[in-house]
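A.B. asks: here is a sequence with its predicted model. Questions after.
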Amino acid sequence: MTRHEKINQIIEAARTFNFSEAIDGIDILSYVGDNGDVYKDRFDYINTTTIPCSIHFIGGTGYNNFSVPITGLTDESVNTLYRCVIQK
């Protein structure tokens, strides 16, 4: 399965609440910043009301919460979320 197909299934699962309980156990996800560096932050939720769909993170002390487009996630993080999708 391609990265694009996994992302589409994650988005669909978020829209239909079709995740296993394992999603509640995800604490940290990684993403690529605008400068190309990889960052890790606390995962909060998947926001399907934005275009493109985004991943909401909890900012640390003194930092605001923020979102990253789902396409900005690293392959490892895409796979982490994909493993939580309930397959039909």
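C.D. replies: That came through, no problem.

A.B. asks: drop to CA atoms for contacts and neighbour counts, all remaining ones
C.D. replies: Will do.

A.B. asks: determine the longest strand present in the chain.
C.D. replies: Looking across the chain with DSSP state E, the single longest strand is strand 38-47.

A.B. asks: list the buried residues for that one?
C.D. replies: Buried residues in strand 38-47, counted by 16 or more other C-alpha atoms under 10 Å: Arg42, Phe43, Asp44, Tyr45, Ile46, Asn47.

A.B. asks: equivalent analysis for stretch 67-87, please.
C.D. replies: Burial within stretch 67-87, assessed by neighbour count using 16+ other C-alpha under 10 Å, is assigned to 67-74, 77-78, 80-85.

A.B. asks: residues in contact with that stretch?
C.D. replies: With contacts defined as C-alpha atoms under 8 Å, 6 or more residues apart in numbering, stretch 67-87 is touched by 3, 6-7, 9-10, 13, 18-23, 29-33, 38, 52-57.

A.B. asks: list the helices and strands the longest strand of the chain packs on?
C.D. replies: Using 3 or more C-alpha pairs under 8 Å, 6 or more residues apart in numbering; DSSP states H and E, the elements in contact with strand 38-47 are strand 28-32, strand 54-58.

A.B. asks: who does it pair up with?
C.D. replies: Sheet pairing of strand 38-47 (DSSP bridges) gives strand 28-32 (antiparallel), strand 54-58 (antiparallel).

A.B. asks: okay, those strands in a markdown table with mean pLDDT next?
C.D. replies: Shown next, in a markdown table, are these (pLDDT from 0 to 100):
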| stretch | mean pLDDT |
| --- | --- |
| strand 28-32 | 97 |
| strand 54-58 | 96 |
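
A.B. asks: just put those strands in CSV and tack on mean neighbour count.
C.D. replies: Shown next, in CSV, are the strands paired with strand 38-47 (neighbours: other C-alpha atoms under 10 Å):
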stretch, mean neighbour count
strand 28-32, 18
strand 54-58, 20
